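Colleague: Quick one, structure for this:
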Amino acid sequence: MSETHRPAASPCPERVAYLEEMTRFALSALDQAAALSDFSMSLGKLDDPAAILQLCLERVGGLMPFTAMGVWLVDEIDSSFHPAMMRPAEDSEELRQFVSHSINTGSFSFALREKRATLSPKRKGKPRYLLHVLTTPSRTRGMFVARLAEPATGLSEVSLSILSIILNNTAGALESFALYRRIQDMNTQLEDKVTRLARSELELTAHRENLNGRIEEKTSELSVALSRLEQEVVQRKRAEALLEGLNQRLEAKVEVRTQALFRKVAEMEAANTQLKQLERLKSSFLSSVSHELRTPLTSILGFAKLITKDFAKYFHPKASSEHLAKAERLLRNLDIVEKESERLTRLINDVLDLTRIESGKMLWRDEPLNLTEAAADAVMAVEGRLADRPDVTLNIAMPSSLPLVLVDRDRILQVLINLLDNALKFTDQGQVEIGAEVDKDGLVKVRVVDTGSGISEEEAEKIFDKFHQHSSQDTLKDKPKGTGLGLAICRHIVNHYSGRIWVESAPEHGSAFYLTLPAMP
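Modeller: Residues are numbered from 1 along each chain as shown. The predicted structure follows:
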């Protein structure tokens, strides 16, 4: 039986295409594997991180279909990632945004842990990216980021493995460069230290020789000084013995003086106690006498006014020509009685105020006060004096924006009235002005300025003393007399509020009285 020969079956086209594709893939993989050796040798010749990264991106770009690539390196100081190189440059911002997004979503840290290529998920209309860590056995050096072409082809296991080898070799090259640079720096530092050490040794030798010479000189000087010191010790012992004797005599004198001083202190304490008691008695006496004098003075003043009124109404108009002069003299005398009674009443009131202030019994009713308003009230109170002074004007120069002060309104008004009254009393022509301002220390400074006769330097030092009045010279003989207590009371009131009052003046050039008060916070 003869064999029947059947024609061989033709291979399947799909299988042929698959085998051809696998053949091309195998050949490409062999070419890429062969190129790794050249890549490793090229890395070993580079001594610049930029050149290493440039070569890495060139090899990776020829390996896989990437349209954009970049490398982020680890900062040696704070271990943060910073962009080191990106190709092409116009896609740098897109790669930065992707890295920021990967850090926020955690895919960046996932790629660090995987130590292999990781791909971003597919999103419609969005390109895919590849992340691969650059690492060595000792540490992580950076991260490789790439954008894949569309469609993403050529991502075989062999290509990804070769990509890992290239990136790991790059990381090793970067680490070798860093170690080489550190070794160079250490060598440079070591050479500097050796040079400095040699220089220091020479300087030390010269210094030692110089020091030995100085030691010899100082030893000689010390021997001389020691000899002198021994002589001084002998003299000092003699002086100490003499001083001991003097100290004993001085202690005896001090003991005698101390006992005498103790006796004086005891006497002064007794005298001080007696003075305090006398001061209390004086205050009580003045207060009592002043109160007792007020009642008869009030009666005298009242009856004098009543007699003056009745005499002027009923008797003076009916007086004959021979009695008219006597009637007018009686009216003048009654007027003197009224004025002197009023002056005595003011004196008693001032004595009572001064006594209460000095004894601490004055009642202070403190409240916030606008000094501009208080100055206006004080001016109204003394305007009556302008009737017999037609050549004198009274001006107010108080700003409306003065800060408030915490004081007793009646007491401060008493001070302002007293200052204005004194200024008008000694000013025959010109003007009297009251003004205020805030000084450089933040205090409210009030001034009362006149164009009167002025005060001498000697008088200015005594004018605020109790019972002191302006010197009665010829030009002042007709001036009304005061109590001599007004300015003393003003000083006590201003001092009570931690203020200050003083006068600046010169004869025939007028006077300027100033006072300061703390402003309210």
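Colleague: was I right about S80 contacting L73?
Modeller: No: using C-beta atoms under 8 Å, S80 makes no contact with L73, being 9.9 Å away. Any C-beta I mention is one placed from the backbone N, CA and C, and that applies to glycine too.
Colleague: Work out for me the element A84 sits within.
Modeller: When elements are assigned from DSSP states H and E, A84 belongs to strand 81-87.
Colleague: CA atoms of that strand as PDB?
Modeller: Output of strand 81-87 as PDB, limited to C-alpha atoms (Å, rounded to 0.1, in the frame of the first residue of the first chain):
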ATOM      1  CA  PHE A  81      12.400  67.000  47.000                       C
ATOM      2  CA  HIS A  82      13.300  69.800  44.500                       C
ATOM      3  CA  PRO A  83      13.300  69.700  40.700                       C
ATOM      4  CA  ALA A  84      16.800  69.300  39.300                       C
ATOM      5  CA  MET A  85      16.300  68.800  35.500                       C
ATOM      6  CA  MET A  86      13.200  68.700  33.200                       C
ATOM      7  CA  ARG A  87      13.000  68.000  29.400                       C
END
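Colleague: in the stretch 401-521 of the chain, which spans are helices?
Modeller: Counting by DSSP state H, counting those that start in this stretch, one finds helices in the stretch 401-521 of the chain at the ranges 409-425, 457-462, 486-496.
Colleague: just to revisit the earlier point, ok, residues contacting the strand holding A84?
Modeller: 49-50, 53-54, 57, 61, 68-75, 92, 95-96, 99, 142-143 (C-beta atoms under 8 Å, 6 or more residues apart in numbering).
Colleague: cool, and stretch 198-206?
Modeller: Counting by C-beta under 8 Å, 6+ apart, no residue sits against stretch 198-206.
Colleague: so how far is it off the chain centroid?
Modeller: Centroid displacement of stretch 198-206 relative to its chain, using C-alpha atoms, centre = their mean, to the nearest Å, is 52 Å.
Colleague: in the chain, which residue is closest to the centre?
Modeller: With distances taken as C-alpha atoms, centre = their mean, D441 lies nearest the centre of the chain, 17.6 Å away.
Colleague: any idea how far L517 is from that residue?
Modeller: 12 Å (C-beta to C-beta, to the nearest Å).
Colleague: for N247, same thing?
Modeller: Relative to L517, and taking C-beta to C-beta, N247 is found at 57 Å.
Colleague: neighbour-wise, which of these two wins?
Modeller: Neighbour count, other C-beta atoms under 10 Å: between N247 and L517, L517 has more, with 24 against 12.
Colleague: can you pull up the bridge partners for that one?
Modeller: Taking DSSP bridges, one finds V444 as the beta-bridge partners of L517.
Colleague: what's the spacing between it and A488?
Modeller: With C-beta to C-beta as the criterion, L517 and A488 are 18 Å apart.
Colleague: re earlier: buried residues, the strand holding A84. List them.
Modeller: Of all the residues in strand 81-87, those buried under the rule 16 or more other C-beta atoms under 10 Å are F81, P83, M85, M86, R87.
Colleague: ditto for stretch 132-144
Modeller: Buried residues in stretch 132-144 (16+ other C-beta under 10 Å): H132, V133, L134, T135, T140, R141, G142, M143, F144.
Colleague: Over to stretch 95-114?
Modeller: L95, F98, V99, S102, S107, F108, A111.
Colleague: same question, stretch 52-61
Modeller: In stretch 52-61, counting by 16+ other C-beta under 10 Å, buried: I52, L53, L55, C56, L57, R59, V60.
Colleague: In JSON lines: these, plus pLDDT and secondary structure.
Modeller: Shown next, in JSON lines, are these (pLDDT from 0 to 100; DSSP: H, G, I helix; E, B strand; the rest coil):
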{"residue": "I52", "pLDDT": "85", "secondary structure": "helix"}
{"residue": "L53", "pLDDT": "88", "secondary structure": "helix"}
{"residue": "L55", "pLDDT": "85", "secondary structure": "helix"}
{"residue": "C56", "pLDDT": "86", "secondary structure": "helix"}
{"residue": "L57", "pLDDT": "87", "secondary structure": "helix"}
{"residue": "R59", "pLDDT": "84", "secondary structure": "helix"}
{"residue": "V60", "pLDDT": "85", "secondary structure": "helix"}
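Colleague: what's near enough to touch P127?
Modeller: T67, R147, L148, E150.
Colleague: try 7 Å
Modeller: R147, L148, E150 (C-beta atoms under 7 Å, 6 or more residues apart in numbering).
Colleague: Could you grab the helix/strand/coil label for P137?
Modeller: coil (DSSP: H, G, I helix; E, B strand; the rest coil).
Colleague: quick one: it from S79, how far?
Modeller: Taking C-beta to C-beta, one finds P137 at 18 Å from S79.
Colleague: cool, and Y129?
Modeller: Using C-beta to C-beta, we find Y129 at a distance of 23 Å from S79.
Colleague: of those two, who's got more company?
Modeller: Y129 (22 against 9).
Colleague: Spell out, range by range, the helices that occur in the protein.
Modeller: 13-45, 49-63, 92-105, 107-114, 157-310, 321-359, 371-382, 409-425, 457-462, 486-496 (DSSP state H).
Colleague: which of those helices has the lowest average pLDDT?
Modeller: With a mean of 58, helix 13-45 has the lowest mean pLDDT of the helices of the chain.
Colleague: thinking again about what came up before, for A241, find the nearest of the helices of the stretch 401-521 of the chain.
Modeller: helix 457-462 (56.3 Å; C-beta to C-beta).
Colleague: Run the chain-centre distance for the closest one.
Modeller: 43 Å.
Colleague: contacting residues around stretch 496-515?
Modeller: Contacts for stretch 496-515 (C-beta under 7 Å, 6+ apart): 407, 415, 419, 445-456, 460, 463, 490-491, 494, 516-518.
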